[in-house]
Each structure stands twice: as structure tokens, then as C-alpha cells.
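[1] Kindly generate the corresponding structure for this input.
(chains A and B)
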There are 2 protein chains.
Amino acid sequence: MNSTQSGSLSNGEIWRLLILTGICIAILANAFQDDGAPLVASAAFSGIAYAVTFSMIRWLGPVFMKAGLKGRDMAKPRRPEIPETMGAVCAIVYLLAIISFIPFAFYKDIVAATSGGGNRDVVVEVQHVETGRMLHRFPHGKLASYMSGVLSLQCITILGIGDDLLDIRWRHKVLIPAFGAIPMLIVYFVDFGVTHVVVPVPLQPYLGAVVDLGWLYYMYMAAVAIFCPNSINMLAGINGVEVAQSLVIAVLLIANDLLYLAPITPFPHPATDSHLFSLYFLLPFVGVSYALLYHNWYPSKVFVGDTYCYFAGMVFAVVGILGHFSKTLLLLFIPQIFNFVYSTPQLFKLIPCPRHRLPKFNSMTGLLDASVTEWTVPPSPLIAAALELLHRLRLMRITRNDEGQIVESTNLTILNLWLVWMGPMRENRLAFHMVVVQIVCGFIGLFIRHRLALVVFRDDNRAFDFGV
Amino acid sequence: MNSTQSGSLSNGEIWRLLILTGICIAILANAFQDDGAPLVASAAFSGIAYAVTFSMIRWLGPVFMKAGLKGRDMAKPRRPEIPETMGAVCAIVYLLAIISFIPFAFYKDIVAATSGGGNRDVVVEVQHVETGRMLHRFPHGKLASYMSGVLSLQCITILGIGDDLLDIRWRHKVLIPAFGAIPMLIVYFVDFGVTHVVVPVPLQPYLGAVVDLGWLYYMYMAAVAIFCPNSINMLAGINGVEVAQSLVIAVLLIANDLLYLAPITPFPHPATDSHLFSLYFLLPFVGVSYALLYHNWYPSKVFVGDTYCYFAGMVFAVVGILGHFSKTLLLLFIPQIFNFVYSTPQLFKLIPCPRHRLPKFNSMTGLLDASVTEWTVPPSPLIAAALELLHRLRLMRITRNDEGQIVESTNLTILNLWLVWMGPMRENRLAFHMVVVQIVCGFIGLFIRHRLALVVFRDDNRAFDFGV
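    Numbers count the residues shown, from 1 in each chain, chains lettered A, B, ... in the order given. Okay, here's the model as predicted:
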């Protein structure tokens, strides 16, 4: 605790981080001279990114406090002031890591092509890596696609920092990810321009096997890119929950990617490259997020800021869109989708929406309970009936005064709902429950993806039989 | 003045900006459907970027003030507080503009290749634009290079904002552009990897016509990328001077680019594409910088922050490096190079260096005069002799006490030197003089480039005779 506040690392931490960094650098030096193995290099970058983020968060804590980037943790008895916007540190380390990774993932095909007869080694290397199994380097043509993802992530980071610094209105904030998505969509337009999608089997008699969505496909991609960052930002409010949910989603996506690369999958598989691509973006993300979670988990020593939520959501949007598995991605966002749908009555002002809807800290008990909206004007009969129905379905809790009028209703977020269901609990317990919910929903999502999707699509694009 | 402080545009401004934007959008709509003309589209983006930056600076002024992004103008009698870091607005608008420009500059060659027989229009278009003179769209292969420039600019913007927010030490600040240069150098490595340079004629007997610098070439590119942003940041301190010098450099670079595109130059010319590339980066830069200069020129209504200096310098580094005319670029940085060399005694602590070296405002006269370093401990005999020599050469002004000991010497910046030469003057006059110095030096630089370079290099790569 003391070392955290003074902004320094303990001796034990310094040694652990140095050893980790040393091992990762050795792996990288090896991978670079060797014939490829970009996946190993990506894992090594993830380790270095973890060590750098861990140290930077610690070192920059006092600097951020001094610069006024700080906030009060309202769910603690003493409401301590801690550094804010640490997600920006995460994002910057991540961006430098995935940019530095480029030479490991993409081979120098132009040099190989121009160096001609003299430089036989290079030519041999290129042929060699192309024949390797799944650990091959990408051809140069995919570089533009990779860089468009990086551009989108940089955009969202810049705009996220702006959002954290300035007091931007809610209805403007929602559109920030749309600007972040622009580079990716533009390069998609110039680069692939493929807007055909496979039609579900029940609809094929009407639409044919494949339909060209044209500009609607761009609208869909933009919608995914707007939804992911905002939905992670909405499911925030208690120590650690933003980072933990993002880590769970990232790890499940990695598991899904590895399914396509495992030796049991026939090779070459059409989706191999997409999933390698996804791993290159996700592995360093896990590194920086884990370093952040260490400092952000209960009791938080730093806050992550909107920057992190936007950035994390955009990482998922980038891999989902550029890896062409956005539907799978959305299946891992079940809690976020539920939270969004559940919030809509407040978002559309059918029910009053206070500025903050996070659970309320009871300083007497030290527990969190669901926060409430106060009805200064009683609800109209229609809304009152709807609230009553939700109350009976245990989807909300309402309080009536002596005259039977509704005076309070709980705010419509998944965190408050969980507290309505389970009763008041400590902040770390609530965060842990949310992680479990995210994991369980994620497994359900992956199960739907790989087992039930065959009901509506002709074949799982893994083209691989689980042994059914 | 009132409308500025209230953060709104006057009616006249609204109409002018709307008309400009309307015209530019009409040009863009035409350019997109037409067979290309990316240069016209780039100019239109420049106009839109100007209008957006102009409005955003005005609107965001009060928001920045409220968020604490503000500073005092010390060279004014009342030391008014005005918004800081407005360069970030500039940079973000610029980045969105050059990203949105991508579909205009690069044609969809993959779609053209895959759409095959059915879609004859696209194929025809591609062949057509390739045969056009200089207004053709780039092939897809250059997209990676373009995007690496954008990545570097985004990196430097993020890091510049960090620098403006946090209190970063001078010796750390200097390295910020090095991180910004990483994406460009990495993609250069993967993409071209060409590190051969033409040897000056006098050295050819020893080195041959072309020499491969290898990793030294990357060191050189990194040095250019570190020098340009820092040197612009060093030549700062009075209202408008950072933006005005950047605008002069940009306009001279554009003039140099146009030399290669003018009908008098034989076509196809090997450097045409490089200079088109440069124009695509520079035209929107002029748009956003001009909007900033309007608000930053004496008396400043906003400050630009280190973000702008880094961002502007990196724009020049990007066009110089990716356009392969970094030597020409450096010839346009004569005042900055002089300022850097002249500052070295203070940078290396031979002479004490106060935190700020900007000219000093005399509130009695309303004029600026050269600021001074006080020698609390008298200089050593060697340094005293050197100071005396500089004083006699009129390269510095020293003040002695009654005992003949040096007690004050002027700070070593070009602004202070100019005030030593010309005597105290008003801030706007000093800024105007600096602009003239920059223009005159720039013309000298271009003259050296196109006339005197033939002495050391076999031929001007313009391969075009001025009529000598």
C-alpha cells in the first residue's frame, strides 16, 4: 500500500518484472532471427507489455495525482483520492507493443522480391515461412488491414482521453466510438470491400445462399464498433468490473481462436489467418489489462477512466470485424447486451435517469445496495403498472409511500439487479459475481456458436467435428 | 473578442464557414464519383478541416478552461487566462481528415481484381486513373506507407497530449518524438527496407555511386523525426510563432512539391508520387494550422501547447522521410537549426539554463526584451572569455557589475538574439519578423536545393532545367 502511494515498485516486484522482461526479450530475439513463430513473439510482447504497464501505472500514479487526474472512490468509508484515467497508460503501452510487433507478423516481401539472385537467404526464408503450419508470417497485403485496426485503436484512445479530460455530454459520448471506427471502415472499403454475407438456411429459399448487403454491411460494422465500447462503459461503476469483464471476454476469444489453430483442426483452414490476426491483437491486450486489473481490483489503487472502456471495447470490435467473426463476438457480450436492453427505459427517459447509477455504498454496513431513482412526480398510471410488473417479476425493486404511490425504483443496471436478487453485499464480492456471470454467459455463447449455429447455418466454418 | 470568450461563432463566421464547407463537400462528392483527382479532393479536405478546426477551437475554448486546460499569457499587461493545448483539436481534426481521404487517394485494386467480368466499370476506372497525369490514384501498395505516417502522427498526438497534461522532465520530453517515429520506421523496414543513398560526387571515388547505410539509415531517419518536432518546440514562446513558422515551412514544402507536378516538369517523373504523397499530408495541415493561427496570433485567444509543436514537426518528418526528401526538408529548417545550435551552450549546461527562456515583457513600455540568465556564481575565466567574445560579435548581451564580473547574460534563443540586434519591440512585431526570417531562409534553402545541389550531386532529381 505504501509503495503504491509513493509510486515505486517493491524490490520483489522489480525482480519479478525484470526476469519476465528478460525472458520475453530473449524469446523475441530468437523469434526475429528464426524463421518466424509470430505467435510466440506475440506472447512475448504480451509479457513485456504487462511489465511495462505494471511499472508505468505505479510510477505515473503520483504524476497523475499532481496533474489533477484523480477521483474519489465513493464506495469506501474514507473516500480516498486515487489516480484516474490509467486506462490511457494501458492503451499507449498496448499500441506501442502491437506496432513494434509488425516486423514479426509480416515478412518483407518487397525486399525479397527485389533482392533477387544475390540474397538467396531472404528468398528461402519467405518460402519457408509460407509453408509452415499456422505460425507463418502474413503476406504484405494484410498489413493495411492490421494497421487500420491500430489506427482505430489510436483514434479511440485519443478521443477517450479527451472524454476523460473534458466534460462531454452523454449523447455526444455515445458517438465517440463511431469516430474511432472510421479508419477501420475506410480501409475495409479500400482493401476488401467484401460485403457479402452467408444467409441462414431458413431464409435461403428467399434470398439465395449469399446476399450482398452493400452499405448496410458498413452500417452493421459501425454499429458493432459503437456498441462494444459503450456497452463495456455502461457495465462499470465498481472496483475492477470494467477490466475484469474485458479480460474474461479477451480470454474466451483467445480460447475460440485457439480452437481454429489446434492440431485437431484440419489445416489449411480458411479461417486460420483471421484467428491468428485476432490473437495478435488479443494477447498484448491481456498483458496490459492484467497489469491494470492488479491495480484496479478491490480496493482500487487507480481508476481506469472511460479511456479504458472505449479502448477495450474497440479491441474487441477490431478483432471481430477484421477477423470476420462479429456474430461470435456478440455472443460473448451477453451480459453487456442484457445490461443495455435492461437500461433502455432509463436511456430513453421513460424512467428518470440520474447522472450516476452505480450501486450505493452504505457506510454503516460497508455493503453495496442497489441505487434508486426518486420519483419526485409520481409515474403515470401506465408506467406505474409497468414498474409494478417488473417488481413482481423481481426485475426491479420499488418503494411506495403510505398512500401507495411509487416514490423510488431501483436503477436499471445489471449491478443493481444483482443486488436486488442477492441482497446487499461487499463490493469485491459483487465484482467477483459479475466475473462469474461473464464467464458462464461466455461459455453459453461459445456453445451456441459451435453447436447450435449449425441449425441455421449450413456448416460451422471450423469444418471440424467435435466427435458428435 | 466577446464571441471568442463565450465560445460561439459570429453570424458572419457561421455563414463563411458553411459556404466554404458546402463548396468543399460538393467538390468531394464530384471527385469521388469522378475518375479521381485526389489532389482536388485533398484541397477540399483542407477546406473542411479549416472550417471544423475553426469552429471546434471556438466551441471548445470554454470547455477547456473549465477542465483546467488553461494558461496565463505573461506578455500582456493583465496576464489573461486563455485555453491551452488547442493543438490537440487541430491534430485530431487533421487525423480524421487524412484518414477520410484514403478512399480518394487509393483505388480499390482488390475489388477491381476480384469483381472480374461482371463489373466492367470498376476495371475501366482503374486503368483510366493509372494513365492520367499526376492526378491518378495510388496503387494499393502505397497504402501501408501512408498509414504508417498516420500512425506516427497519432502516436505523437497522444504523447503530446500526455506531455501537456503531465509535468514531464525536459530530458524525457526530448525523446517523445522518438516513440512517435516508431510506426513509420517499422513499416519502412517491412515495406521498403531500402537503405541505399546516393553518394555526393566528391566522395564517389571512395564510396562508389550508391552506398547502403543499413541500420545507420534508420538512425538518420529517427534523428530527423526527433529533430523536427523538438526544434519547432524550441522556437516557441511568443504569440503565434509556433504556428506561423510551421505554416511557412508547410507552404514552402507545398511550393517545392508543385515544382515536380507543374506541366513544365517532364512526366512521368520518378519523384512525382513522392511529392503527391507529400501534398496529401500538407494540404490539410495548412487548413488546420491556419484556423489555429487565426486564434493564436497576437493577441492570442488560445495557446497551442506542446502537442501542436510535436504534431507539426512530425508532419514534416513524415513527408520528408516517406517522400524521400529529408535533406530538402532540413534546408527549410535553417532558423530552427540555427536556434538549436545557438542554444547548445545552455542545453549542455555550460551556461545556466532557466526553465523558461522566452523574451521578457516590460509592462511599463509594453515591449518585449531579451530575457537573461543571472550568474549567481561568476563564470569561470574560460566561459567568461567566451561570453565576452559572443558579446563582441553581437551574438549575446552581457551585463557586468561594478567589479567587472559578469552578472547577467541573455538567453541563447533566436528570439532573444533578434531582440539583442533590433532592440525591444512589441510582441506582434517580433512574431512578424520571425515569419519574415523563416520565409527568407526558406527561399535560400530552396535555392540551395535546386541550384547548388548540382555541385555535389550528379543531377537534380527534378531532371528539369530552369532555363540556365
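[2] what helix or strand is the residue lying closest to A:L175 once chain neighbours are set aside on?
    Distances taken as Cβ to Cβ, 6 or more residues apart in numbering or on different chains place A:I226 nearest to A:L175, at 7.4 Å, with adjacent residues excluded. (C-beta placed from N, C-alpha, C; glycine too.) Using DSSP states H and E, A:I226 sits in helix A:215-234.
[3] State the next helix or strand along the chain beyond that helix.
    Counting by DSSP H and E, what follows helix A:215-234 is helix A:241-261.
[4] And the average pLDDT for the helix or strand where A:Q154 lies is what?
    Assigned by DSSP H and E, A:Q154 belongs to helix A:143-165. Helix A:143-165 shows a mean pLDDT of 92.
[5] wait, what's in contact with the closest residue to A:G160 other than its chain neighbours?
    Excluding its sequence neighbours, the residue lying closest to A:G160 (Cβ to Cβ, 6+ apart) is A:T307, at 3.5 Å. If you count contacts by Cβ atoms under 8 Å, 6 or more residues apart in numbering or on different chains, A:T307 has them with A:T85, A:G87, A:A88, A:A91, A:T157, A:G160, A:I161, A:D163, A:D164.
[6] now A:N230
    By Cβ under 8 Å, 6+ apart, the neighbours of A:N230 are A:V174, A:P177, A:G313.
[7] any idea how far A:Y310 is from A:L159?
    Distance from A:L159 to A:Y310, counting by Cβ to Cβ, to the nearest Å: 7 Å.
[8] Please identify which of those two sits among more neighbours.
    Each of A:L159 and A:Y310 has its neighbours counted (other Cβ atoms under 10 Å in any protein chain shown); A:Y310 has more, 30 against 25.
[9] Thought A:G162 was touching that one, still the case?
    No - taking Cβ atoms under 8 Å as the definition, A:Y310 is not a contact partner of A:G162, at 10.4 Å.
[10] Any regions of the stretch 51-200 of chain A where pLDDT drops low?
    A:107-137, A:139-141, A:192-193 (pLDDT under 70).
[11] can you give me the strands for it?
    Applying DSSP state E, counting those that start in this stretch to the stretch 51-200 of chain A gives strands spanning A:70-72, A:81-83, A:196-198.
[12] Let me know which of those is tucked in deepest.
    Between the strands of the stretch 51-200 of chain A, strand A:81-83 has the highest mean count of neighbours, a mean of 19, where neighbours are mean count of other Cβ atoms under 10 Å in any protein chain shown.
[13] Show me which positions of stretch A:150-167 end up buried.
    Going by neighbour count (16 or more other Cβ atoms under 10 Å in any protein chain shown), the buried part of stretch A:150-167 is A:150-165.
[14] Over to stretch A:314-330?
    Going by neighbour count (16+ other Cβ under 10 Å), the buried part of stretch A:314-330 is A:314-326, A:328-330.
[15] what about A:D273, neighbour count?
    As a measure of burial, A:D273 has 17 neighbours, counting by other Cβ under 10 Å.
[16] I figured it hits A:F138, correct?
    Yes - A:D273 sits in contact with A:F138 when judged by Cβ under 8 Å, with a separation of 7.0 Å.
[17] Residue of the stretch 251-400 of chain A nearest chain B, please.
    Residue nearest to chain B within the stretch 251-400 of chain A (Cβ to the nearest Cβ): A:T307, separated by 10.4 Å.
[18] so after the strand or helix carrying that residue, what's the next helix or strand?
    Element membership for A:T307 (DSSP H and E) is helix A:305-322. Sequence order places helix A:326-331 as the next helix or strand after helix A:305-322, per DSSP H and E.
[19] what inclination does the following helix or strand past that next one have with respect to helix A:215-234?
    Following helix A:326-331 in sequence order, the next helix or strand is helix A:334-347 (DSSP H and E). Going by axes from the mean of the first three to the mean of the last three Cα atoms, to 10 degrees, helix A:334-347 is angled at 90 degrees with respect to helix A:215-234.
[20] which residues sit in contact with the residue lying closest to A:G208 once chain neighbours are set aside?
    In this structure, A:G208 finds its nearest non-sequential neighbour in A:V199, 6.5 Å apart by Cβ to Cβ, 6+ apart. Neighbouring residues of A:V199 by Cβ under 8 Å, 6+ apart: A:L207, A:G208, A:A209, A:V210, A:V211.
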